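*Asks:* coordinates for the following, if possible.
(one chain, ligands or ions: 1)
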Amino acid sequence: MGNFRFLTSGESHGKALTAIIEGLPAGFDIDENFINNELKRRQQGYGRGKRMEIEHDTVEILSGIRFGKTLGSPVTLMIKNKDWENWSEIMSVNAKDFTEEKSFTTPRPGHADFAGAVKYSHEDLRNVLERASARKTAIEVAVGAVAKQILAQFGINCHSEILQIGKTTNPDDFENEINSAREKGISLGGKFKVIYQNLPVGLGSYVHYDRMIDGKIAQMVMSIPAVRSVSIGDGENCASAYGNEFQDEIYTENDKIVRKTNHAGGIEGGMTNGEDLVVVASMKPIPTMKTALKTVDLKTGKETEAHFERSDTCAVEACAVIAENRIACVLLDEFLQKFGGDNKKEIENLF
Ligand code: EPS
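*Replies:* Numbering: from 1, shown residues only. So this is what the prediction gives:
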């Protein structure tokens, strides 16, 4: 990322999740309640597990905002993990608290456990699980909720829709589908769509592969845990369409350029084209399941069953909220590259 950057830290059952955001211009209104509402949206959705009954994610703003406005200095955000109290020994920072019996060594197929343990040479797979966990998406949503608020001050807004849960595309069947998976002790994936409206023409660029906004959005959405495919507009169906079916022809209406279709999902040549940005993504079923999967115990080398850890049955609704907020980060970064200034007034003059 360029002008707008952030780093997060924190383990799933550690004390807290934190983020430092750099590159926010001064003078933008930031409402803590908006961030908290986005955090709440991420926690909701049918199919979440018991952890969500423990956590009531709320943000603490530690720097960079005064009297509801950005100062231009780094913004630090923190979400405390309420569940940490129950994990303070297992997650202790002190060497004296280590006991081998608390380790787990049976990697869950589909999770980061195996590759992470080999890569970082961890014997206790919890050392991988804790950061690989989708718990960290809470703080990412908080960051995105800051970006979203700045975009909204230029009329740019967004929403998302669930398109599929497991094998059903009928919203009336979503809950039944999740109930039946839960009863079987297995998990479910799904598909969702994020739509951003009122984007200016020309965010991103065609001049280099690494400036194309579709590539940047794909990276941001693809790297949400469990997301396995990302497409823009009707990208999933583009292979079988004829050229004259897929392209969005250009017309004029009251001296304005208009399109009658939006198969391109608002991006042509790696740039926003003024139409709605449409991003579709599919999430695989969560790898943590009560119904055990086969694995190998890395300590004994023997075949056994995978570790089970309290988990969600289906987190597709949460994933859509995460994607909305992650995309906001890409859009704000591009927005600031195009209309950048050190403060809101300068940016308004350029917009
Ligand atoms: C969580 C997402 C999931 C939950 C986690 C909280 O992460 P993971 O990728 O590890 O499955 O399981 O909760 C727990 C680890 C727990 O103790 O229940 C989230 O979105 O906050």
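*Asks:* could you measure from residue 151 over to residue 4?
*Replies:* 11 Å (C-beta to C-beta, to the nearest Å). Every C-beta, even on glycine, is put in place using the N, C-alpha and C of the backbone.
*Asks:* which one's more surrounded, the two?
*Replies:* residue 4 (25 against 20; other C-beta atoms under 10 Å).
*Asks:* shared neighbours, residue 151 and residue 4?
*Replies:* Residues touching both residue 151 and residue 4 (C-beta atoms under 8 Å, 6 or more residues apart in numbering): residue 332.
*Asks:* going by proximity to the ligand, name the top residue of the stretch 101-250 of the chain.
*Replies:* residue 133 (3.1 Å; C-beta to the nearest ligand atom).
*Asks:* in space, what's closest to that residue - neighbours in sequence excluded?
*Replies:* residue 12 (3.7 Å; C-beta to C-beta, 6 or more residues apart in numbering).
*Asks:* distance of the one you found relative to residue 272?
*Replies:* Where residue 272 is concerned, residue 12 sits at a distance of 35 Å (C-beta to C-beta).
*Asks:* longest helix in the chain, please.
*Replies:* If you go by DSSP state H, the chain has its longest helix at helix 316-339.
*Asks:* what packs against it?
*Replies:* helix 32-43, helix 137-152, strand 157-165, strand 190-197, helix 213-222, strand 277-283, helix 344-350 (3 or more C-beta pairs under 8 Å, 6 or more residues apart in numbering; DSSP states H and E).
*Asks:* re earlier: neighbours of the residue nearest to residue 133, just the number please.
*Replies:* 22.
*Asks:* and if you look at residue 175?
*Replies:* Neighbours of residue 175 (other C-beta under 10 Å): 13.
*Asks:* spatially nearest residue to it (excluding sequence neighbours)?
*Replies:* That would be residue 46: by C-beta to C-beta, 6+ apart, it lies 5.3 Å from residue 175.
*Asks:* check residue 51 too.
*Replies:* Here the residue nearest residue 51, using C-beta to C-beta, 6+ apart, is residue 310, at 6.1 Å.
*Asks:* what parts of the stretch 51-200 of the chain come near the ligand?
*Replies:* 51, 133-135, 137-138 (C-beta under 6 Å from any ligand atom).
*Asks:* which of those residues are buried?
*Replies:* 51, 133-135, 137-138 (16 or more other C-beta atoms under 10 Å).
*Asks:* redo those residues as TSV? Include pLDDT and distance to residue 306.
*Replies:* Listed next are these as TSV, based on pLDDT from 0 to 100; distance: C-beta to C-beta, whole Å:
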residue	pLDDT	distance to residue 306
51	87	19
133	96	15
134	96	17
135	97	19
137	98	22
138	98	25
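*Asks:* so which two of these are the farthest from each other?
*Replies:* 51 and 137 (12.8 Å; C-beta to C-beta).
*Asks:* picking up where we left off before, assign the residue nearest to residue 175 to helix, strand or coil.
*Replies:* With DSSP: H, G, I helix; E, B strand; the rest coil as the basis, residue 46 sits in coil.
*Asks:* residues near it, how many?
*Replies:* Residue 46: 17 neighbours (other C-beta under 10 Å).
*Asks:* right, and it touches residue 174 too?
*Replies:* Yes. Between residue 46 and residue 174 there is a contact under C-beta atoms under 8 Å: 6.6 Å.
*Asks:* give me the phi and psi for the residue nearest to residue 133.
*Replies:* When read as degrees, to the nearest 10, the backbone of residue 12 gives phi -60, psi -40.
*Asks:* what's near enough to touch it?
*Replies:* Contacts of residue 12 (C-beta under 8 Å, 6+ apart): 81, 129-131, 133, 135-136.
*Asks:* and those residues, which are buried?
*Replies:* 81, 129-131, 133, 135-136.
*Asks:* need the max-distance pair from the residues you listed.
*Replies:* So, the buried ones among the contacts of residue 12 by C-beta to C-beta: farthest apart are 81 and 129, at 14.3 Å.
*Asks:* mind telling me what element residue 295 is part of?
*Replies:* Assigned by DSSP states H and E, residue 295 falls within strand 294-296.
*Asks:* next, the buried residues of that strand.
*Replies:* In strand 294-296, counting by 16+ other C-beta under 10 Å, buried: residue 295.
*Asks:* ditto for stretch 209-223
*Replies:* Those would be 211-214, 216-218, 220-221, for stretch 209-223 by 16+ other C-beta under 10 Å.
*Asks:* equivalent analysis for stretch 106-119, please.
*Replies:* 106-108, 110-114, 116-117.
*Asks:* which non-adjacent residue is nearest the spatially most central residue of the chain?
*Replies:* The centroid of the chain falls nearest to residue 322 when counting by C-alpha atoms, centre = their mean (3.2 Å). Of all residues not flanking residue 322 in the chain, residue 137 sits nearest, at 4.7 Å (C-beta to C-beta, 6+ apart).
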